[in-house]
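Participant: sharing a model prediction with you, sequence too.
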Amino acid sequence: MRPYGYAEDRVTVIDKETEVIREAARRLLAGESLSSVCRDFRTREITTPTGGHWIPTTLHRLLASARISGRREHTPRSTSETTRPLLGEIVADAVWPAIISATDSDRLSSLLSDPARDFRAQAATGRTYLLSGILRCGRCGRRMNGRPRSGVPRYVCPNVPGTAACGDPPQAGGCQPRCCSSAGRGHASHAPTSTE
């Protein structure tokens, strides 16, 4: 597959695609999110080289690549690694022309490799709902998850196809989880609570 912005020979630039790359780079450096840029590209029917819609991970990899700044990048990996790390070491100028400046490319790489932007890592280290997966449903005994409704935090029994989870939504008054054993395994009651 050819790299976006370049023809099949991987050297000749495609003017229409270079403008898209420059626009995306400008917008990200101005503070816009990858998701927002991808949504706009979908609306405008700007597609990837395979004809698919842009998604944040694909745009992220494109904009973090040194290729678009006309530089070669080496990313060593061990035989046990299954995916290539995002950033490598710049080892030389390339034979293909740059689409964006090396300065902008370095700024994008720095921005996109910032750990504060990795929401998956944040989710793995800091839960919003501390009891998710610990509380148990009072009806079916399955693990409950935290989900907001109209901005109000609550725990629900997930309705996941292929599992025995009841998936019943909280009744009037809301689902009020209660930890009921000293062993730390909680059960939540679906019974409505009285607010009178």
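Facilitator: Nice, thanks for sending it over. Numbers count the residues shown, from 1 in each chain.
Participant: can you point me to the longest helix in the chain?
Facilitator: When the chain is parsed with DSSP state H, its longest helix is helix 15-29.
Participant: now for that one, which elements pack on it?
Facilitator: When contacts are defined as 3 or more CB pairs under 8 Å, 6 or more residues apart in numbering; DSSP states H and E, helix 15-29 packs onto helix 34-43, helix 56-64, helix 102-112. (C-beta placed from N, C-alpha, C; glycine too.)
Participant: would you reformat those helices as CSV and include mean pLDDT?
Facilitator: As requested, those are exported to CSV (pLDDT from 0 to 100):
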stretch, mean pLDDT
helix 34-43, 92
helix 56-64, 91
helix 102-112, 91
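Participant: and those: which comes nearest L131?
Facilitator: helix 34-43 (28.7 Å; CB to CB).
Participant: on that earlier part again, so which of the helices and strands packed on helix 15-29 comes closest to P49?
Facilitator: helix 56-64 (10.2 Å).
Participant: what comes up buried for that closest one?
Facilitator: Buried residues in helix 56-64, counted by 16 or more other CB atoms under 10 Å: T58, L59, H60, L62, L63, A64.
Participant: ditto for stretch 36-51
Facilitator: Quick answer for stretch 36-51 (16+ other CB under 10 Å): V37, C38, F41, I46, T48.
Participant: any chance of JSON lines for those residues, columns distance to C166?
Facilitator: JSON lines is the format used below for the buried residues of stretch 36-51 (distance: CB to CB, whole Å):
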{"residue": "V37", "distance to C166": "40"}
{"residue": "C38", "distance to C166": "36"}
{"residue": "F41", "distance to C166": "41"}
{"residue": "I46", "distance to C166": "44"}
{"residue": "T48", "distance to C166": "41"}
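Participant: any idea of the pLDDT on the nearest residue to C166 once chain neighbours are set aside?
Facilitator: Nearest residue to C166, sequence neighbours excluded (CB to CB, 6 or more residues apart in numbering): C140, at 4.1 Å. pLDDT, C140: 81.
Participant: could you measure from C140 over to R149?
Facilitator: In this view, C140 and R149 are 20 Å apart by CB to CB, to the nearest Å.
Participant: who has more neighbours out of those two?
Facilitator: C140 (15 against 11; other CB atoms under 10 Å).
Participant: so how far is L131 from the more buried one?
Facilitator: For C140, the distance to L131 equals 17 Å [CB to CB].
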